[in-house]
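Peer 1: Here is a sequence with its predicted model. Questions after.
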Amino acid sequence: MPKPGCLVHFVSALTANVTLLSSAVLLSLLEFRQEKRGTRFWWPAAPIPLSACAFFFLAGLAFIPRLGVEDDEALFAWPWYRPRGQFWALYIGHTRLPIMLISYLGALKSWIYRPIFRLFGTGVDVLRLPMLFAGAVTVWLFYCLLRRVAGERAAWIGCGLLATDAIYLLSSIFDWGPVVLQHLLIVGGTLLLVRFWQERRDALLGWGFALLGLAAWDKALAFWSLGGFGVATLITLRSQIRELWTARRLRLALAGFALGALPLIVYNVDSGLGSFRGNAVYDSSLLPKKLYVLKMTFDGSGLFGWLVAEDRDTPSPHTPRGGLEISSAKVASWAGNPHRDFLLYAFAAALLLAPLARGPDRRAIGFALIAMAVAWCQMAFTAGTGGAQHHTILLWPLPQMVIAVSFAAASRRLGRAGVPVLATVTLVVIGSGLAVINQYYTEAVRNGGDRNWTDALYRLSDYLKATPAPYMACVDWGILDSLRLLGSGKLPLLNWELGGAEPSSEDRQIMARLIADPRNLFLGHTSSAEVNRGTETWILHFAEAASYRREMLTVISDSYGRPSLEVYRFVR
């Protein structure tokens, strides 16, 4: 529980941050001037980045209905719908204001979605469209950032590479990390700081640090990127910082960051650094695996067999229907069903070409490489982090920045041949990204989502809405948060995920009461899809010892013929 003295701070912080997020992103979008060249921006050059953003958004629309809702994707809704389970909240009378969902995950996304859900409900389109749009805005902001740092040529390359990156696109659509707001706030904040650097407008300094602070509240893992940026700044821009910095600007930067991160700061004061205690544990044992995950994030292959199901696991694959699905399948077959793009090769080439860069371009490449290395080392040597794509994708768009600036700088050394050579190489890399995105779509149509992304959850939600019960106990991970969101909190759900832990005496008493009423329903995965193995077996043995037997009510398969979910009750 927070201390009483924190109440006023939180009320003011939540109000300020809503204004902060909308206003600062709007300021970032109003990037109409190129100060370096002293010319007005942007309409002659706008079609290229705007086309990249439009492709990103339209491609995402095609994926939205293809997969079920994964539990981590729906996690942010638990402050608003029953059964509520926020980690840390502020109480004002009978009103609860969620602040932190877990020790390192803030409730910023929960607050953003509250009015959206009230206006439009909790459908899958409403869930995914806002984050897809935010991902597209980040592509635009990245273009604006690169344009100021390294010029128009690098900006075109960078936004094209980011918009056609399969892992970035899919993590923006489904946002199970969550990562979308991290990218939006960090890229937007960095853009504002670069504008401050070029224009010497102190207000932009405060706004930029406020966005970075807001990113830290959204998810404390933002300190990976912020730490990388800090080290890179001290190494590559030390003399410039010394000339520019004043005590007043330092206070302004600290005040801006504190405003954005105020909920996180107060939570950590109240909890004794709860965001870091127990989370920052050194561990190097899984370094080879984390390197492999980084490689799979680079080449776009990391989500095959996890986000979308594989052919061998699909008893009834779907046949493509309609122009888009048929065309996608034909393109995938013509391309040889690629599962890897060329981004990693492009990154390696950019490192080899980096010595050709001069002055600001060389500094920008060095900055991005140092920031990326420092951020990745933090996740690589911390227990429980860096072993999945939703961590490594937080390094983006730094790889695209390295490639864009290096390639653009090298092309200038080639004279007239520079532009066609650069265009050819860039289009090959972008084409490989498009091919992998198309392959994900083809497999999503043919095989659907894997175990955690099964569309059987939609059928289960419909079944439960038509089946009244006093309680519906979710006995395995991957069910509760998704059903809470899909049912808008109206289902009488009960969390009974032991996760392998030994049941306490209180757990046993609750289970005894649940199985004694045959109206209560139990929701779990089939044996082939079970996540936390052992919980259901314990329940069955417990019920048998109490002279109850399981009565299976229904087994729900997904639309591809995979038995995924089961509903049962206990009778004497």
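Peer 2: Structure received. Numbers count the residues shown, from 1 in each chain.

Peer 1: Can you list the neighbours in contact with stretch 139-158?
Peer 2: Residues from elsewhere that reach stretch 139-158 (CB atoms under 8 Å, 6 or more residues apart in numbering): 28-29, 31, 34-36, 45, 48-50, 52-53, 56, 159, 162-163, 184, 187-188, 190-191, 194-195, 198, 360-361, 364, 397, 400-401, 403-405, 407-409, 411, 422, 426. Backbone N, C-alpha and C define where each C-beta goes, glycine included.

Peer 1: and Gly227, helix, strand or coil?
Peer 2: helix (DSSP: H, G, I helix; E, B strand; the rest coil).

Peer 1: Skip the chain neighbours and tell me the closest residue to it.
Peer 2: Of all residues not flanking Gly227 in the chain, Val374 sits nearest, at 5.8 Å (CB to CB, 6 or more residues apart in numbering).

Peer 1: and the host helix or strand of the one you found, which residues are buried?
Peer 2: Element membership for Val374, per DSSP states H and E: helix 359-380. Residues of helix 359-380 classed as buried by neighbour count (16 or more other CB atoms under 10 Å): 361-376, 378-380.

Peer 1: mean confidence score for it?
Peer 2: Averaged across helix 359-380, the pLDDT comes to 96.

Peer 1: which helices and strands does that helix pack with?
Peer 2: On a contact count with 3 or more CB pairs under 8 Å, 6 or more residues apart in numbering; DSSP states H and E, helix 359-380 meets helix 124-150, helix 222-236, helix 287-299, helix 389-392, helix 398-412.

Peer 1: Quick one: distance of stretch 187-194 to the chain centre.
Peer 2: Stretch 187-194 has its C-alpha centroid displaced from the chain centroid by 19 Å (CA atoms, centre = their mean, to the nearest Å).

Peer 1: burial measure for the residue lying closest to Glu497 once chain neighbours are set aside, as a count.
Peer 2: Once flanking residues are discounted, Glu497 sits nearest to Trp477: 5.3 Å by CB to CB, 6+ apart. Counted with other CB atoms under 10 Å, residues neighbouring Trp477 total 19.

Peer 1: same deal with Pro470?
Peer 2: Pro470: 11 neighbours (other CB under 10 Å).

Peer 1: What mean pLDDT does whichever strand or helix holds Leu211 get?
Peer 2: Assessed by DSSP H and E, Leu211 sits inside helix 202-218. Helix 202-218 comes out with an average pLDDT of 95.

Peer 1: Over to stretch 225-243?
Peer 2: On average, stretch 225-243 scores 92.

Peer 1: buried sites along that stretch?
Peer 2: Buried, per 16+ other CB under 10 Å, within stretch 225-243: 225-226, 228-229, 231-233, 236.

Peer 1: What is the nearest of those residues to Ala77?
Peer 2: Ser225 (25.8 Å; CB to CB).

Peer 1: and the helix or strand hosting Ala62, which residues are buried?
Peer 2: Assigned by DSSP H and E, Ala62 belongs to helix 47-63. Judged by neighbour count using 16+ other CB under 10 Å, the buried positions of helix 47-63 are 49-50, 52-53, 55-57, 59-60, 62-63.

Peer 1: Dump these to JSON lines, plus pLDDT and distance to Asn495.
Peer 2: Compiled in JSON lines, the buried residues of helix 47-63 are given as follows (pLDDT from 0 to 100; distance: CB to CB, whole Å):
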{"residue": "Pro49", "pLDDT": "90", "distance to Asn495": "45"}
{"residue": "Leu50", "pLDDT": "89", "distance to Asn495": "45"}
{"residue": "Ala52", "pLDDT": "94", "distance to Asn495": "42"}
{"residue": "Cys53", "pLDDT": "94", "distance to Asn495": "40"}
{"residue": "Phe55", "pLDDT": "96", "distance to Asn495": "40"}
{"residue": "Phe56", "pLDDT": "97", "distance to Asn495": "36"}
{"residue": "Phe57", "pLDDT": "96", "distance to Asn495": "35"}
{"residue": "Ala59", "pLDDT": "96", "distance to Asn495": "36"}
{"residue": "Gly60", "pLDDT": "96", "distance to Asn495": "31"}
{"residue": "Ala62", "pLDDT": "96", "distance to Asn495": "34"}
{"residue": "Phe63", "pLDDT": "97", "distance to Asn495": "29"}
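
Peer 1: Just the pLDDT at the residue nearest the centre of the chain, thanks.
Peer 2: In the chain, the centroid-proximal residue (CA atoms, centre = their mean) is Val179; its distance is 2.4 Å. Per-residue confidence (pLDDT) for Val179: 96.

Peer 1: residues in contact with Phe76?
Peer 2: Per CB under 8 Å, 6+ apart, neighbours of Phe76: 101, 107, 109-110, 113, 178.

Peer 1: make it 7 Å
Peer 2: 101, 109-110, 113, 178 (CB atoms under 7 Å, 6 or more residues apart in numbering).

Peer 1: Among the residues you listed, pick out the one closest to Leu205, please.
Peer 2: Lys109 (26.2 Å).

Peer 1: how does the protein divide into domains?
Peer 2: 4-447, 454-571 (automatic domain parsing).

Peer 1: just those: most buried one?
Peer 2: Highest mean neighbour count of these: domain 4-447, a mean of 19 (counted as mean count of other CB atoms under 10 Å).

Peer 1: returning to what we had before: surely the residue nearest to the centre of the chain meets Leu394?
Peer 2: Yes: assessed by CB atoms under 7 Å, Val179 is found in contact with Leu394 at 6.0 Å.

Peer 1: shared neighbours of those two, anything?
Peer 2: With the criterion set as CB under 7 Å, 6+ apart, the contacts of Val179 and Leu394 do not overlap.

Peer 1: so what's the residue nearest to Gly227 up against?
Peer 2: Counting by CB under 7 Å, 6+ apart, Val374 has contacts 227-228, 231.

Peer 1: now Gln240
Peer 2: If you count contacts by CB under 7 Å, 6+ apart, then Gln240 has nothing around it.

Peer 1: so it, which of the three states?
Peer 2: Gln240 ends up helix, using three-state DSSP.

Peer 1: Return the distance of it relative to Trp197.
Peer 2: In this view, Gln240 and Trp197 are 8 Å apart by CB to CB, to the nearest Å.

Peer 1: And the helix or strand Val555 falls within, what does it pack against?
Peer 2: For Val555, the host element (DSSP H and E) is strand 549-557. Applying 3 or more CB pairs under 7 Å, 6 or more residues apart in numbering; DSSP states H and E, one finds that strand 549-557 contacts helix 456-465, strand 563-571.

Peer 1: Please work out which residues outside it touch it.
Peer 2: By CB under 7 Å, 6+ apart, strand 549-557 touches 456, 459-460, 463, 526, 540, 543, 563-571.

Peer 1: What is the most widely separated pair among those?
Peer 2: Across those (CB to CB), the longest gap, 25.7 Å, separates Arg459 and Ala543.

Peer 1: remind me which residues of the stretch 1-150 of the chain are low pLDDT?
Peer 2: Residues of the stretch 1-150 of the chain meeting the criterion pLDDT under 70: 1-46, 86.

Peer 1: err, the stretch 351-500 of the chain, not the other one
Peer 2: Checking the stretch 351-500 of the chain against pLDDT under 70 turns up 499-500.

Peer 1: can you do 90?
Peer 2: 383-387, 414-418, 495-500 (pLDDT under 90).

Peer 1: Skipping adjacent residues, who's closest to Lys295 in space?
Peer 2: Using CB to CB, 6+ apart, the nearest residue to Lys295 is Leu344, at 6.7 Å.

Peer 1: Against His391, how distant is that neighbour?
Peer 2: On the measure of CB to CB, Leu344 and His391 end up 18 Å apart.

Peer 1: try Phe142
Peer 2: 20 Å.

Peer 1: And for Trp538?
Peer 2: Applying CB to CB to Trp538 and His391 gives a distance of 32 Å.

Peer 1: Surely Met100 is in a helix?
Peer 2: No: per three-state DSSP, Met100 lies outside any helix segment and is strand.
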